[in-house]
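> I'll drop the sequence and a predicted model, then ask my questions.
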Amino acid sequence: MALNILSAGIRAANGLGSLLDRAGVRLVSLEEGDLLDAARRATGLDDFGDDDFREPLRRLLFCLEHEADLTLVGRIAARRDLVGLLITRLRIEADRKTHPEIAAERIVAPIFIVGLPRTGSTLLHHLLAQDPDTRAAQAWEIMYPSPPPERASYATDPRIARARKQLQWLDWMAPDFKAIHPVGAQLPLECIAIMSASFRATRFQTTYNVPMYEAWLNRQDMRPSYAFHRRFLQQLQWRAPGARWVLKAPSHVFSLDALLDTYPDARLVQTHRDPVTVMASVASLSSVLHQAFSRRREPTRFGQEVTSRWTEGLDRSLELRRSGRVSSERTVDVRYHELSRDPMAAVRGIYAHFAMPLTAAAEQRMRAFLAENYQNKHGRHHYALDDFGLDAQDLACRFKAYCDYFGVVPEAPARR
């Protein structure tokens with residue numbers, strides 16, 4: 001059960017923060033004006049682009065103050081995170097003014113990996129990224145997209161070292177997190193990191209306890225977020241192009257209609273796994289992220305939240321598949337047990353379906369990646385249904401339609 005992996009330093013800092021809160025001392029501001037001014041001072045810029053981000057930002061800030069029960073480390077992290085996203089908006093807008101040709105970049109037939117979390121989608125994303133023809137957005141360029149990266153210096157850009165240093169902070173906060181999800185400056189990062197600067201992104205509810213923000217987001221048109229996503233890809237592609245984009249985020253299942261409206265020629269790879277197993281794993285991941293930033297919550301809350309969230313997400317994606325909006329021609333389904341048994345067979349199936357050549361050089365790099373990044377390299381992720389008040393029979397009933405439609409094989413649920 002991965003519920004107590006925070007470093008001693010984090011616990012000590014949060015303890016100090018609790019004492020200060022009781023004394024009425026608030027060291028870290030999350031006021032909208034303060035955050036905007038901090039981003040302006042850091043860049044010397046003033047144009048954040050269109051104002052569509054302001055309402056979601058305000059709603060998020062309200063929830064961070066009134067719902068999230070942030071620790072001192074949580075407030076510091078939230079401020080740093082949000083100011084960084086505002087800086088990204090300022091700099092991307094400035095780059096497009098200086099280089100208007102960025103706006104002419106065409107994003108052609110991108111591949112999106114979607115589906116439940118914890119289904120092998122990260123492994124698949126990293127594998128496909130090994131193809132020299134693939135363009136995958138690496139962590140360093142998403143963290144620091146300005147100036148636009150260049151192909152000639154892509155592997156040696158000084159921002160890589162800067163990102164690597166910043167990511168060490170995650171190791172300090174949660175030393176065992178890499179056993180749950182691999183992170184690295186030169187590893188691909190999920191689309192939610194790209195979309196976060198629109199402030200319409202599921203990353204915030206994954207990281208912070210903001211249920212009112214989540215409920216609001218679920219009712220919103222996500223096209224503005226995907227429009228920003230497209231602008232971001234144009235920024236990254238302008239001087240560092242590739243034959244095809246391969247992108248990934250489980251949360252795309254909540255808004256496939258907006259994705260397809262933004263990228264009409266998008267191709268989808270949907271990963272599948274028994275939701276009974278997945279829900280415990282996702283609840284464990286959420287609890288690890290939240291406990292670094294919020295005061296302790298009952299583990300059963302995480303079980304309830306992720307089950308409700310992903311029931312809705314899979315229902316939305318299933319409805320689109322049944323309606324024919326997401327056709328079989330543009331979609332490949334990859335099941336976790338097949339991917340685990342033979343990753344390269346899954347890769348070959350994707351390339352064949354989309355009529356893409358799998359070169360010997362690409363396959364060699366993929367096999368080398370698999371040899372270097374074997375399963376549980378950074379330790380095993382332990383979790384169980386009982387930890388989060390989840391019941392295997394109830395989950396099986398909730399997700400029966402999904403499992404029947406996609407032929408998902410049940411797994412033995414983990415228990416203590």
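Received it, and whenever you're ready, just let me know what you need.

> thought Leu35 was touching Asp81?
No - assessed by CB atoms under 8 Å, Leu35 is found out of contact with Asp81, at 10.1 Å. Bear in mind the C-beta positions are built from the backbone N, C-alpha and C, glycine included.

> which one's more surrounded, these two?
Neighbour count, other CB atoms under 10 Å: between Leu35 and Asp81, Leu35 has more, with 19 against 16.

> centre of the chain to the helix or strand hosting the more buried one, how far?
Here Leu35 is covered by helix 32-43, with elements defined by DSSP states H and E. In terms of CA atoms, centre = their mean, to the nearest Å, the centre of helix 32-43 is found 25 Å from the chain centre.

> by contact count, what packs against that helix?
Counting contacts by 3 or more CB pairs under 8 Å, 6 or more residues apart in numbering; DSSP states H and E, helix 32-43 is packed against helix 54-66, helix 72-98.

> quick check: angle from it to helix 54-66?
Per axes from the mean of the first three to the mean of the last three CA atoms, to 10 degrees, the angle that helix 32-43 makes with helix 54-66 is 110 degrees.

> quick one: low-confidence parts of the stretch 201-350 of the chain?
Filtered on pLDDT under 70, the stretch 201-350 of the chain yields no residues whatsoever.

> tell me the SS of Leu268?
Following DSSP: H, G, I helix; E, B strand; the rest coil, we place Leu268 in the strand state.

> next one: it relative to Glu298, how far apart?
For Leu268, the distance to Glu298 (CB to CB, to the nearest Å) stands at 36 Å.

> now Leu370
Using CB to CB, Leu370 is found at 39 Å from Glu298.

> before we move on, what about Trp216?
In terms of CB to CB, Trp216 sits 24 Å off from Glu298.

> more neighbours, the two?
Trp216 (17 against 11).

> and the residue nearest to the more buried one when sequence neighbours are not counted, how many neighbours?
The spatial neighbour of Trp216 that comes closest, neighbours along the chain excluded (CB to CB, 6 or more residues apart in numbering), is Arg59 at 5.6 Å. For Arg59, the count of nearby residues is 19 (other CB under 10 Å).

> distance check, Arg59 against Ala155.
Using CB to CB, Arg59 is found at 40 Å from Ala155.

> repeat for Val108
24 Å.

> just to revisit the earlier point, residues of the helix holding Leu35 that come out buried?
The neighbour-count check on helix 32-43 (16 or more other CB atoms under 10 Å) flags Glu32, Leu35, Leu36, Ala38, Ala39, Arg40, Thr43 as buried.

> quick check: mean pLDDT of it?
On average, the pLDDT along helix 32-43 is 98.

> what does stretch 59-78 give?
93.

> swap in stretch 162-182?
Stretch 162-182 carries an average pLDDT of 72.

> figure out the length between the terminal residues of that stretch.
Length of stretch 162-182, first residue to last, CA to CA, to the nearest Å: 18 Å.

> what of stretch 284-301?
11 Å.

> quick one, helices of the stretch 201-350 of the chain?
203-207, 211-218, 223-237, 256-262, 275-293, 299-323, 336-341, 343-353 (DSSP state H, counting those that start in this stretch).

> which one of these lies closest to Arg398?
Evaluated over the helices of the stretch 201-350 of the chain, closeness to Arg398 peaks at helix 299-323, with 5.4 Å, by CB to CB.

> so Ala129 makes contact with Pro188?
Yes - in this structure, Ala129 is within contact of Pro188 by CB under 8 Å, at 4.9 Å.

> between those two, which contacts overlap?
By CB atoms under 8 Å, 6 or more residues apart in numbering, Ala129 and Pro188 have these common neighbours: Ala136, Val246.

> number of residues surrounding Gln166?
When neighbours are counted by other CB under 10 Å, Gln166 registers 16.

> ok, for it, nearest residue in space, not its chain neighbours?
Sequence neighbours aside, Met143 is the residue nearest to Gln166 in space, at 6.9 Å (criterion: CB to CB, 6+ apart).

> could I get the buried residues of helix 32-43 as JSON lines with distance to Leu64?
Formatted as JSON lines, the buried residues of helix 32-43 follow (distance: CB to CB, whole Å):
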{"residue": "Glu32", "distance to Leu64": "11"}
{"residue": "Leu35", "distance to Leu64": "11"}
{"residue": "Leu36", "distance to Leu64": "15"}
{"residue": "Ala38", "distance to Leu64": "15"}
{"residue": "Ala39", "distance to Leu64": "17"}
{"residue": "Arg40", "distance to Leu64": "21"}
{"residue": "Thr43", "distance to Leu64": "23"}
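
> OK, contacts around Ala38?
Ala38 touches Arg79, Val83, Leu86, counting by CB under 8 Å, 6+ apart.

> what's the answer for Pro148, then?
Applying CB under 8 Å, 6+ apart to Pro148 gives the contacts Asp95, His99, Ile102, Gln235, Leu236, Trp238, Arg239, Ala240.

> out of these, flag the one nearest to Val326.
Using CB to CB, Leu236 comes nearest to Val326 of these, at 25.8 Å.

> which phi and psi values does Ser327 adopt?
Torsion angles at Ser327 (phi, psi; degrees, to the nearest 10) stand at phi -80, psi 160.

> burial count for it?
Neighbours of Ser327 using other CB under 10 Å come to 10.

> okay if I get the helices and strands packed on helix 32-43 as a markdown table plus distance to Arg135?
As requested, the helices and strands packed on helix 32-43 are exported to a markdown table (distance: least, CB to CB, whole Å):
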| stretch | distance to Arg135 |
| --- | --- |
| helix 54-66 | 28 |
| helix 72-98 | 18 |
